[in-house]
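In: Provide a 3D model corresponding to the input given below.
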Amino acid sequence: MPTFIWEPIAIWPEGWKRSDPPTKWDPFAPPRSVKAELMGVDWMTEDELGEAIPPAYTEHLGRQTLEVVR
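Out: I've put the predicted structure just below:
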């Protein structure tokens, strides 16, 4: 059986540079504004973003659930 090695990758939005100020917890994490834009939820705080389920994923789960329930 083949062995898979998973390595993390980083995808940075256009215009974001590694020189932008790091967050206090993760020096490699993008700023809150970038996280909010990627999640599509600009009203959340940094802590709320860290615990949020992305709306697109929530929609995907909802559609899958409806397919099973119907």
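In: which residues touch the host helix or strand of L61?
Out: Assigned by DSSP states H and E, L61 falls within helix 55-69. Residues lying outside helix 55-69 but in contact with it, judged by C-beta atoms under 8 Å, 6 or more residues apart in numbering, are M39, G40, V41. For the C-beta atoms, the positions are set from N, CA and C on the backbone; glycine is no exception.
In: so can I have TSV of those residues showing pLDDT?
Out: Shown next, in TSV, are the contacts of helix 55-69 (pLDDT from 0 to 100):
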residue	pLDDT
M39	84
G40	84
V41	84
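In: Most neighbours among those residues, which one?
Out: M39 (17 neighbours; other C-beta atoms under 10 Å).
In: For it, which residues are in contact?
Out: Counting by C-beta under 8 Å, 6+ apart, the residues that M39 touches are L49, A52, P54, P55.
In: Could I get the CA-only coordinates of the helix holding L61 as CSV?
Out: The C-alpha trace of helix 55-69 is given here as CSV (Å, rounded to 0.1, in the frame of the first residue of the first chain):
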residue,chain,number,x,y,z
PRO,A,55,-20.4,30.0,5.1
ALA,A,56,-19.6,28.2,1.8
TYR,A,57,-18.8,25.0,3.8
THR,A,58,-22.0,25.4,5.8
GLU,A,59,-23.9,25.7,2.6
HIS,A,60,-22.2,22.6,1.2
LEU,A,61,-23.1,20.6,4.4
GLY,A,62,-26.7,21.8,4.2
ARG,A,63,-27.1,20.7,0.6
GLN,A,64,-25.6,17.3,1.4
THR,A,65,-27.9,16.9,4.4
LEU,A,66,-31.0,17.8,2.3
GLU,A,67,-30.1,15.2,-0.3
VAL,A,68,-30.0,12.5,2.4
VAL,A,69,-33.2,13.7,4.1
